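**Q** pasting the structure only:
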């Protein structure tokens with residue numbers, strides 16, 4: 001548009017115009033002109049001045065003499081036009097329609113003289129002032145009275161505008177404006193947000209433009225995973241920080257309230273063994289979460305691939321098991337609210353529950369508790385020890401899943417046969433047997449027989465504590481066709497720990 005250019009050229013090229021435009025040249029009230037823009041959607045009128053008694057010509061004259069006037073237009077365009085609308089300050093939410101049939105209006109926008117298509121006409125030549133009329137006593141009194149009254153009105157208007165401008169600046173700089181990496185929630189976008197939610201939130205709010213630029217407009221080349229609720233993208237913020245951006249699908253069942261609850265919860269979680277959430281974005285139909293980016297991807301990328309699994313020696317595997325147990329204990333006991341993870345597995349993919357990791361009572365009856373997470377953790381221990389999946393098997397002749405195999409060889413007294421062959425002889429026999437036994441305790445069929453996570457961590461960390469003998473595991477299985485299994489094994493890992501919340505209990 002004549003006289004203006006995009007404020008954020010990079011975002012504008014990506015068709016993200018939330019930052020708007022700025023003027024090419026500074027305004028000079030004495031020489032400014034007005035550019036006629038046709039077929040326009042007029043700016044929002046929440047801060048405009050309206051006068052139904054004057055026509056467009058008079059409206060333009062008033063706007064010309066008012067240096068704060070940014071644009072003007074007819075209030076009613078029917079029957080030749082009537083009324084006057086004057087905008088001061090920023091022009092918000094305006095656009096030009098390509099087709100005149102769309103019913104756009106004429107808008108006169110103030111631009112600098114240098115940006116007008118035609119130079120402004122030269123000022124009329126100075127001429128000697130006309131002779132003053134005869135002075136009379138009544139004329140002087142009337143003139144002085146009118147002048148004093150006009151000056152009083154001007155002073156009141158100036159005081160009102162100055163006070164209004166001061167309040168506007170205070171509002172912009174108040175605590176409700178949350179700024180991060182040049183990402184500011186625009187005031188006109190805040191209407192869709194619950195102000196109480198913003199006050200309660202203990203996380204920074206990103207604006208959508210910042211995340212769109214960071215992820216190259218959510219391009220496929222930046223996509224690092226896809227789950228049931230949407231896609232996750234790798235992004236780089238303006239300060240160089242690499243993040244993972246979870247963009248919820250617009251058709252996702254998770255609504256605004258569910259997302260708010262999830263954000264409130266995750267904001268309260270701080271633990272070295274849990275992926276941190278860095279912020280969120282809720283603008284109109286867009287719902288996004290920003291997490292720290294994990295370079296090493298998910299555990300299953302290393303555990304179930306032969307070449308990569310050789311990088312996981314026994315010392316690393318044991319530390320992974322203990323680290324996960326500490327993180328899960330934090331969710332169950334040490335955080336400000338009790339959280340049931342409900343989807344503990346090697347691939348942290350965002351789904352409600354994964355067969356092979358689900359406890360029998362959850363899979364069959366939909367009942368879940370902290371003991372459901374303990375069951376899933378037990379499956380994970382056995383997977384880390386064996387390097388094998390509990391879901392499916394590359395050996396079609398083997399009809400037992402991992403839990404059944406572990407239980408069988410444990411009862412036969414050959415528990416070390418479960419150990420991943422890639423470890424060779426470089427492992428501690430006592431540590432391996434202890435992990436297998438704890439894993440079998442966690443996957444026992446009855447929830448009340450399973451230990452709590454605090455007990456699990458003690459059993460894993462203290463070799464002097466006697467471990468009870470496990471009972472029969474819950475061997476719930478579900479047949480998975482080859483096509484589904486192969487799709488789950490693809491390289492679509494997400495670097496974000498997807499937490500699906502089932503239970504929240506205040507402490």
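**A** Everything's here; your move. Note that the structure is predicted; figures quoted are calculated from it, not measured. Numbering: from 1, shown residues only.
**Q** got the contact list for residue 243?
**A** Residues near residue 243 by CB atoms under 8 Å, 6 or more residues apart in numbering: 214, 234-237, 278, 290-293. C-beta: built from backbone N, CA, C; applies to glycine.
**Q** Return the member of the residues you listed nearest to residue 463.
**A** Among the contacts of residue 243, residue 292 lies closest to residue 463 (CB to CB), at 33.9 Å.
**Q** What's the local residue count around the closest residue to the closest one other than its chain neighbours?
**A** Among residues not flanking residue 292 along the chain, residue 276 sits closest, at 4.8 Å (CB to CB, 6 or more residues apart in numbering). By other CB atoms under 10 Å, 14 other residues sit near residue 276.
**Q** hang on, isn't residue 276 packed against residue 289?
**A** No - checked against CB atoms under 8 Å, the pair residue 276 and residue 289 is beyond contact range at 11.2 Å.
**Q** and residue 18, helix, strand or coil?
**A** coil (DSSP: H, G, I helix; E, B strand; the rest coil).
**Q** mind checking how far it is from residue 12?
**A** The gap separating residue 18 from residue 12 is 10 Å, by CB to CB, to the nearest Å.
**Q** Show the pLDDT at the residue nearest to residue 292.
**A** What the model reports as pLDDT for residue 276 is 77.
**Q** Next up, phi/psi of it, please.
**A** Note on residue 276: backbone dihedrals following degrees, to the nearest 10 are phi -80, psi 140.
**Q** where does the stretch 351-500 of the chain have low pLDDT?
**A** 351-359, 361-367, 391-399, 475-500 (pLDDT under 70).
**Q** how about 50 then?
**A** 351-355, 392-397, 477-500 (pLDDT under 50).
**Q** what about the helices in it?
**A** 360-365, 370-386, 402-411, 429-442, 453-461, 482-488 (DSSP state H, counting those that start in this stretch).
**Q** Can you point out the helix or strand that includes residue 231?
**A** For residue 231, the host element (DSSP states H and E) is strand 230-236.
**Q** and that strand, what does it pack onto?
**A** Using 3 or more CB pairs under 8 Å, 6 or more residues apart in numbering; DSSP states H and E as the contact test, the elements touching strand 230-236 are helix 208-214, strand 223-227, strand 242-248.
**Q** Throw these into JSON lines and include mean pLDDT and distance to residue 326, thanks.
**A** As requested, these are exported to JSON lines (pLDDT from 0 to 100; distance: least, CB to CB, whole Å):
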{"stretch": "helix 208-214", "mean pLDDT": "92", "distance to residue 326": "31"}
{"stretch": "strand 223-227", "mean pLDDT": "78", "distance to residue 326": "25"}
{"stretch": "strand 242-248", "mean pLDDT": "88", "distance to residue 326": "22"}
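**Q** now those as JSON lines including distance to residue 160?
**A** Shown next, in JSON lines, are these (distance: least, CB to CB, whole Å):
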{"stretch": "helix 208-214", "distance to residue 160": "34"}
{"stretch": "strand 223-227", "distance to residue 160": "52"}
{"stretch": "strand 242-248", "distance to residue 160": "44"}
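**Q** With residue 467 as the reference, name the closest of those.
**A** That would be strand 223-227 among the helices and strands packed on strand 230-236, by CB to CB, at 36.2 Å.
**Q** Okay, now the sheet partners of the closest one, with direction.
**A** strand 230-236 (antiparallel) (DSSP bridges).
**Q** Can you check what angle separates the strand it pairs with from strand 242-248?
**A** Strand 230-236 and strand 242-248 are oriented at 150 degrees to each other (axes from the mean of the first three to the mean of the last three CA atoms, to 10 degrees).
**Q** now the residue nearest to residue 292: how far from residue 234?
**A** Distance, residue 276 to residue 234, by CB to CB: 16 Å.
**Q** Check residue 328 too.
**A** On the measure of CB to CB, residue 328 and residue 234 end up 27 Å apart.
**Q** Between those two, which is the more surrounded one?
**A** More neighbours surround residue 328 than the other of residue 328 and residue 234, with 25 against 18 (other CB under 10 Å).
**Q** Does that one touch residue 377 like I think?
**A** Yes - assessed by CB under 8 Å, residue 328 is found in contact with residue 377 at 6.0 Å.
**Q** which residues in the stretch 201-350 of the chain form helices?
**A** Going by DSSP H, counting those that start in this stretch, the stretch 201-350 of the chain shows helices at 208-214, 256-267, 300-303, 306-309, 314-329.
**Q** Quick one: mean pLDDT for the fourth one?
**A** In other words, helix 306-309. Mean pLDDT, helix 306-309: 69.
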